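In: Predicted model and sequence follow; I will ask about them next.
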Amino acid sequence: MLEGLGRLLEELFGWVVGSTLLPNQDFSVRQWALRPALFVIVLVIALELLIPKEKRGWNKQHLLTFTHFVMSGKVALFTFITLPAMQWAWIRFRLPSLHLDELLHPLAFMALSLLVFSFIDYWAHRMLHRLPLLWHIHKIHHAPAQLTWASTFQEHFAMTLTSVPLLTASTLLLGVHLVPPWGSLYLLVNYLQHANTAVRFGWLNYVFALPEVHRYHHARDPRYYDKNFGGGFVFWDMIFGTYHYDPKNPAAEFGLDDVPASWWRQQVEPLRWIARDLTRRPG
């Protein structure tokens, strides 16, 4: 009986952290614990617990963030289907590709793909802020008044539906076989940049989009509305004049007031806002 209960709890845990719509009977905590992503998460959580920027008690925002964390895995199922499907179609139908993964040295290809990926990610992020219809979708990510490592999961489901095909296509245009192995680095920066930690990263803030830099992007202060769009690195922000970092004047207040405080409404309301704007007559 205890063995059956243990297995049930393991499947439930697997559903919480996994990307399946139904509990996965083949889920193994042992195998899951060996994933590099878990090491990254544990490291960032440890920084929040040991060196917090703000000491916080439990509140409703934590519950909302946890809901986003759980549901993001279910939305990510789209990613696991789309990535191999797009790669298969690219090869099967001989869609345009430079095949640089075959022509260049692996390190050169990784460097080039990083530049292309980060460039597209940067401009896609800027468009999310510049175009009103896209901002309705993206503003869900800017809603939290308290940032934590898991704030990266607080998004509207349409973010994944639009970003995954775009970034995948950009990679396949370069090469259809080799997958650059810098995903863990991007993942680490992505979790760190929202973390509630007081760690000072010094000169690294001029290379990566770490917390001290990325907090300006989430700040309520209008001076920072068009700052720090880089998702992993900051060099495109520096090139295009959107980089900001001032250690003596850190970002202090975050969040938006016009976003509902429930996961379900945060998924539905942006669609209503978009429909309202599309049907609104001039004047």
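Out: Right, received. Where do you want to start? Numbers count the residues shown, from 1 in each chain.
In: what about residue 166, how many neighbours?
Out: Around residue 166 there are 11 other residues, counting by other CB atoms under 10 Å. Bear in mind the C-beta positions are built from the backbone N, C-alpha and C, glycine included.
In: Tell me which helix or strand it sits in.
Out: Using DSSP states H and E, the element containing residue 166 is helix 157-174.
In: and that helix, how far from the chain's centre?
Out: Between the centre of helix 157-174 and the centre of its host chain there is 13 Å, according to CA atoms, centre = their mean, to the nearest Å.
In: Low-confidence stretches in the chain?
Out: Applying pLDDT under 70 to the chain flags residues 1-4, 178-183, 281-283.
In: In it, spot the helix with the most residues.
Out: helix 106-130 (DSSP state H).
In: tell me which residues of that helix are tucked away?
Out: 109-110, 112-114, 116-122, 124-126, 128-129 (16 or more other CB atoms under 10 Å).
In: if we can go back for a sec, orientation of the helix holding residue 166 relative to helix 106-130 in degrees?
Out: Helix 157-174 and helix 106-130 meet at an angle of 150 degrees, taking axes from the mean of the first three to the mean of the last three CA atoms, to 10 degrees as the criterion.
In: Now tell me what touches helix 157-174 from outside.
Out: 71, 75-76, 78-79, 82-83, 86-87, 90, 95-98, 100-101, 109, 112-113, 116-117, 120-121, 124, 137-138, 141, 179-180, 267, 270 (CB atoms under 8 Å, 6 or more residues apart in numbering).
In: Type out the ChimeraX command that picks the buried ones from these.
Out: In ChimeraX, this line selects whichever of the contacts of helix 157-174 come out buried by 16+ other CB under 10 Å:
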select :71,75,76,83,86,87,90,97,100,101,109,112,113,116,117,120,121,124,137,138,141,180,267,270
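In: coming back round to it: could you identify the helix or strand that succeeds the longest helix of the chain?
Out: In the C-terminal direction from helix 106-130 (assignment by DSSP H and E), the next one is helix 132-138.
In: Need the contact partners of that following helix.
Out: Applying CB under 8 Å, 6+ apart, the set of residues contacting helix 132-138 is 127-129, 155-156, 158-159, 162, 270, 273-274, 277-278.
In: Looking at those residues, which is nearest residue 35?
Out: Of all the contacts of helix 132-138, residue 155 has the smallest distance to residue 35: 21.3 Å, by CB to CB.
In: these two touch, right, the closest one and residue 71?
Out: No. If you go by CB atoms under 8 Å, residue 155 and residue 71 don't touch, sitting 9.7 Å apart.
In: thinking again about what came up before, how about the contacts of helix 132-138, which pair is most distant?
Out: 155 and 278 (21.6 Å).
In: Compare those two (neighbour count), which wins?
Out: residue 155 (20 against 8).
In: how near is the residue positioned nearest the centre of the chain to residue 194?
Out: In the chain, the residue lying closest to the centroid (CA atoms, centre = their mean) is residue 152, at 4.8 Å. With distances taken as CB to CB, to the nearest Å, residue 152 is found 5 Å from residue 194.
In: in what helix or strand does residue 176 lie?
Out: Using DSSP H and E, no helix or strand contains residue 176.
In: List the residues that contact residue 13.
Out: Contacts of residue 13 (CB under 8 Å, 6+ apart): 27, 29.
In: Just the buried residues of the host helix or strand of it, please?
Out: Using DSSP H and E, residue 13 maps to helix 2-17. Residues of helix 2-17 classed as buried: 10, 11, 14, 15, 17 (neighbour count, 16+ other CB under 10 Å).
In: Wait, the fourth one touches residue 24, no?
Out: Yes. Residue 15 is in contact with residue 24 according to CB under 8 Å; the separation is 6.7 Å.
In: ok, so of the contacts of helix 132-138, who is nearest residue 215?
Out: residue 129 (16.0 Å).
In: list the contacts for the closest one?
Out: Applying CB under 8 Å, 6+ apart, the residues near residue 129 are 135, 138, 225, 226, 229.
In: Number of residues surrounding residue 232?
Out: 20.
In: where exactly do the helices run in this protein?
Out: 2-17, 29-33, 36-50, 60-75, 77-92, 100-103, 106-130, 132-138, 157-174, 183-192, 211-218, 235-240, 263-279.
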